[in-house]
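have a look; sequence and predicted model below, questions after that.
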Amino acid sequence: MHPRAPYFWLMGGLDRSYIVILQEEGCLHDFPMRRHASLMWRSSAFTDPGRKRALNEDAFLNDPDHGVWAVADGMGGHQAGELASRTVIERLEHFEGVDSLPDMVDDLETLLMQANDDLIAEVSKSRASSDVIGTTVAVLAVYRDFGFILWAGDSRIYRFRNGKLEQLTEDHSMVQELVNAGHLKAADAEDHPAANIILRSVGGEQPLHLDMDYVRIASGDRFLICSDGLYREIPEQTLHRILETEDIHDCNQALRAAALAAGGGDNITSILVDFH
């Protein structure tokens, strides 16, 4: 088992401010920031390396200023996964907000295409042509009362509404293909030998193929964006129970604690967004 690395929290608020918290060796450091006021929401995010990984190859974006949140789960080994997820998040940090839904979709897709180009160029520059530096990505962006989602890989977005948990994304994975084809039961997917094989990633192919969808946001909705290090460790019934926790920060703390208590076998990242 490797020494625990720091884990990071990012809290968003309805009062046009949010706080970044770095927790390391029992110390908390708070950094006030601004938030966009077009909608009412509260957000909280963390990433944790888990109990068995020396590196954290997950990364996240929590940007209440522009109403966009993202999780990226890198892969490739030898710090390549960390580079991949960081590259995607750094590209998405350039999103500045737009005046129309089509412009928002175009801008986010363009930024992810640029990240894809960056990672493919990195492979050709410094690694064997057979190597891949890739990452999943799951993005939630808000325009008026609509939530726009786009993703590649097996990081997920859920909506918790009126006590019902709904997965809004479908994994781009080998086991999901087997489930869709009727060759595998969904309940058996997590334990299948191919459970870790994903079929799409940023950096994995040219051109990049993203799935996109949108949902209407209602008051009381809670969205969860997470890497597989969270949902693979927490049974859906437990996830449902934890998401009923009223305070968003307490809820995210409970998610982290549950994933670690279950083994923490992978990096763990979660973003919660509440709408009011």
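Thanks, I have it.

tell me how far residue 249 lies from residue 274.
Look at residue 249 and residue 274: by C-beta to C-beta, to the nearest Å, they are 11 Å apart. Quick note: C-beta positions are derived from backbone N, CA and C, even for glycine.

between those two, who's got more neighbours?
residue 274 (21 against 16; other C-beta atoms under 10 Å).

next, count neighbours for the spatially closest residue to that one that is not a sequence neighbour.
For residue 274, ignoring the flanking residues on the chain, the nearest one in space by C-beta to C-beta, 6 or more residues apart in numbering is residue 42 at 4.7 Å. Neighbourhood size, residue 42 [other C-beta under 10 Å]: 21.

partners of the host helix or strand of residue 46, with directions?
Using DSSP states H and E, residue 46 sits in strand 41-48. Strand pairing for strand 41-48, determined by DSSP bridges: strand 7-12 (antiparallel), strand 268-275 (antiparallel).

my read: residue 217 touches residue 146, true?
Yes - counting by C-beta atoms under 8 Å, residue 217 does reach residue 146; the two are 6.6 Å apart.

between the two, which one's more packed in?
Using other C-beta under 10 Å as the criterion, residue 217 and residue 146 rank with residue 217 on top: 21 against 13.

how about the more buried one, what does it touch?
By C-beta atoms under 8 Å, 6 or more residues apart in numbering, the contact set of residue 217 is 39, 142, 145-147, 275.

mind checking the SS state of residue 158?
strand (DSSP: H, G, I helix; E, B strand; the rest coil).

give me the distance between the two termini of stretch 133-140.
23 Å (C-alpha to C-alpha, to the nearest Å).

out of the contacts of residue 217, which is nearest to residue 167?
residue 147 (14.1 Å; C-beta to C-beta).

that's a strand at the closest one, yeah?
Yes - Residue 147 forms part of a strand when assessed by three-state DSSP.

so how far is residue 233 from it?
Here residue 147 is placed at a distance of 26 Å from residue 233 (C-beta to C-beta).

all strands of the stretch 151-276 of the chain, in order?
156-161, 164-167, 211-216, 222-226, 268-275 (DSSP state E, counting those that start in this stretch).

need these in TSV with distance to residue 182 and mean pLDDT, can you?
Below are the strands of the stretch 151-276 of the chain laid out as TSV (distance: least, C-beta to C-beta, whole Å; pLDDT from 0 to 100):
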stretch	distance to residue 182	mean pLDDT
strand 156-161	22	98
strand 164-167	19	97
strand 211-216	21	95
strand 222-226	27	98
strand 268-275	32	97
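
residue 60 is nearest to which of those strands?
strand 268-275 (5.3 Å).

now do that closest one against strand 222-226, angle only.
160 degrees (axes from the mean of the first three to the mean of the last three C-alpha atoms, to 10 degrees).

dump strand 268-275 to CSV, restricted to CA.
This file holds the C-alpha atoms of strand 268-275, laid out as CSV (Å, rounded to 0.1, in the frame of the first residue of the first chain):
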residue,chain,number,x,y,z
ILE,A,268,-11.9,8.5,-6.6
THR,A,269,-13.4,11.7,-7.9
SER,A,270,-16.8,13.2,-7.4
ILE,A,271,-18.6,16.4,-8.2
LEU,A,272,-22.1,17.2,-6.8
VAL,A,273,-24.2,20.0,-8.2
ASP,A,274,-27.5,21.0,-6.5
PHE,A,275,-30.0,23.2,-8.2
